[in-house]
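Engineer: Quick one, what's the 3D model for this:
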Amino acid sequence: MTRIIGMAAVVCAIACGWLARPARWEVEGLSMAPGLMPGDVVASPPFPLLDRWRSPRRFERWTLVAPDGTVAVKRVWGLPGEEFEIVAGDLVIAGEAVVKPPQVLAEVALPVAATSRHETDGAVRLTLPDPMFDDVPFAPGERRVLVPAHDKGVASVIDVGEGDPAGAPACVEISVDARAVRVAFHRAGRHAAVAGRLDGAFVAAAWPLSPSVCPRSCLPSGWPAVWTIQSPWNGHDPVTSLDVQVVASASRATGATILDVTAWRDVHHRPSASGRMQWQLGSAEWFVLGDFPGGSRDSRQWGPVGSDLFRDRLTTSCR
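Structural biologist: Now for the predicted structure:
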């Protein structure tokens with residue numbers, strides 16, 4: 001009996017190990033660029049079969065079966081029952097633009113080469129192209145009519161010193177055209193500060209810099225789950241200037257040093273080739289898109305997809 005129990009335990013352990021093994025795929029094509037590029041290996045969480053019993057959630061990346069029978073990687077945007085639209089490059093649900101959280105922006109944003117850069121007295125000022133078109137560096141040979149991209153911002157790395165005994169915080173001010181935010185750092189170390197126009201909103205957040213490295217992201221790693229500031233942008237004029245500057249504290253020098261400043265732009269979504277921009281999702285339908293609209297076939301062509309086509313949820317590559 002002991003031998004039988006022992007054999008059963010071994011079989012159970014092997015089965016559990018097999019079930020726990022993450023599913024893996026090699027990425028083909030550019031539909032999920034820049035976050036996922038051809039040759040990248042993506043993986044599900046442990047026990048991938050468990051995801052078959054949960055509904056896909058907004059912003060998640062999944063493998064799914066495309067209409068031609070191939071396996072594709074796409075991001076979930078529209079959920080069952082929603083009215084989904086693509087308006088001026090933004091994704092709109094029930095009349096409201098969907099604001100990407102920091103992690104999703106980190107996976108889809110592209111670096112922007114400023115037309116000029118000025119550094120003086122603890123301040124960095126970037127002037128951006130106007131207009132800025134939705135071309136991409138990873139597909140130089142693509143052939144399509146470019147359109148202006150509206151959402152853009154700045155990502156900075158700040159080194160914060162120990163400060164004074166009174167505890168006055170180090171401060172940095174970030175300006176995106178006429179919108180400005182002041183960030184106070186109460187702890188020493190390297191921090192990230194990000195602000196910009198995103199999906200019809202002014203967003204900003206700051207966080208301690210993570211030691212992990214995301215080589216394709218133009219946002220510093222360690223992203224928080226949500227934006228600290230998210231308010232309506234109220235305007236359609238293009239963003240043309242970005243400023244990051246050390247702001248003097250009342251009791252001491254700020255103790256903050258700007259180490260790096262990078263401009264970014266958001267993905268600019270496009271309607272289907274037929275010009276269709278609006279879809280009403282059924283009670284068991286999802287809308288999925290590639291992160292690179294110019295190189296993706298997705299729900300814009302296929303229409304909404306049912307849960308039977310989803311296979312495995314993918315974990316984020318780094319944080």
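Engineer: Okay, helices next: where are they in the stretch 201-319 of the chain?
Structural biologist: Using DSSP state H, counting those that start in this stretch, the helices of the stretch 201-319 of the chain run over 299-302.
Engineer: any weak-confidence spans in it?
Structural biologist: 236, 248-254, 316-319 (pLDDT under 70).
Engineer: how deep is P46 tucked in, by neighbour count?
Structural biologist: Neighbour count of P46, defined by other CB atoms under 10 Å: 12. Any C-beta I mention is one placed from the backbone N, CA and C, and that applies to glycine too.
Engineer: what helix or strand does it sit in?
Structural biologist: Under the criterion DSSP states H and E, no helix or strand holds P46.
Engineer: is it true that it touches A23?
Structural biologist: No - the pair P46 / A23 is not scored as a contact, 10.0 Å apart, by CB atoms under 8 Å.
Engineer: Now do H118: how many residues are near it, please.
Structural biologist: Residues near H118, counting by other CB under 10 Å: 11.
Engineer: Secondary structure element holding the closest residue to it other than its chain neighbours?
Structural biologist: Once flanking residues are discounted, H118 sits nearest to R125: 4.6 Å by CB to CB, 6 or more residues apart in numbering. R125 is part of strand 123-127, with elements assigned from DSSP H and E.
Engineer: for C171, same thing?
Structural biologist: Going by DSSP H and E, C171 is part of strand 170-176.
Engineer: Just to check, Q230 is in contact with A205?
Structural biologist: No - counting by CB under 8 Å, Q230 sits too far from A205 to count as a contact (9.0 Å).
Engineer: So between those two, which is more surrounded?
Structural biologist: A205 (22 against 15).
Engineer: nearest spatial neighbour of that one, skipping sequence neighbours?
Structural biologist: A205 sits nearest to T228 (CB to CB, 6+ apart), 4.5 Å away.
Engineer: Can you give me every residue that contacts that neighbour?
Structural biologist: By CB atoms under 8 Å, 6 or more residues apart in numbering, the residues touching T228 are A204, A205, A206.
Engineer: Noted, bye for now.
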